[in-house]
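Peer 1: Here is my input; please provide its structure:
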Amino acid sequence: MASDSAGSLEKEVSNLSSNLAPMVILTVFILLPLFWFWWPWGMDPVYSPLHHFLTVFPLALLALVTYVAHEKINEAEESSG
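Peer 2: Prediction:
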């Protein structure tokens, strides 16, 4: 029982480390526009929220789709092997 949990933990760490680079890249591409485009001094109050939405929403959607695809791939690998 303990060896099963250790093997499971090792597999989870392996999955996390193999997907760390894409997660970091997505995080940078989501957070960078927030700091780049959200500058509260001298921005038009109508243009700024629209610009935020058009910048962050597609990136957040990409992160969500990537996460779901990762989970589906893991499920397929576990069921086949």
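Peer 1: Now do the helix or strand containing Met23: everything it contacts.
Peer 2: Element membership for Met23 (DSSP states H and E) is helix 20-37. Here helix 20-37 makes contact (CB atoms under 8 Å, 6 or more residues apart in numbering) with Ser48, His51, His52, Thr55, Val56, Leu59, Ala60, Leu62, Ala63, Thr66. For glycine as for every other residue, the C-beta is placed from the backbone atoms N, C-alpha and C.
Peer 1: Out of those residues, which sit inside helices?
Peer 2: Residues of the contacts of helix 20-37 located in helices (DSSP state H): Ser48, His51, His52, Thr55, Val56, Leu59, Ala60, Leu62, Ala63, Thr66.
Peer 1: And those residues, which of them are buried?
Peer 2: Those of the ones in helices among the contacts of helix 20-37 that meet the buried threshold are Thr55, Val56, Leu59, Ala63, by 16 or more other CB atoms under 10 Å.
Peer 1: so which of those comes closest to Glu75?
Peer 2: Ala63 (19.0 Å; CB to CB).
Peer 1: That closest one: what's it in contact with?
Peer 2: By CB under 8 Å, 6+ apart, Ala63 lies in contact with Leu26, Thr27, Ile30.
Peer 1: TSV please, covering those residues and showing neighbour count, pLDDT and distance to Ala76.
Peer 2: Output for the contacts of Ala63, formatted as TSV (neighbours: other CB atoms under 10 Å; pLDDT from 0 to 100; distance: CB to CB, whole Å):
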residue	neighbour count	pLDDT	distance to Ala76
Leu26	17	73	21
Thr27	12	76	25
Ile30	16	72	27
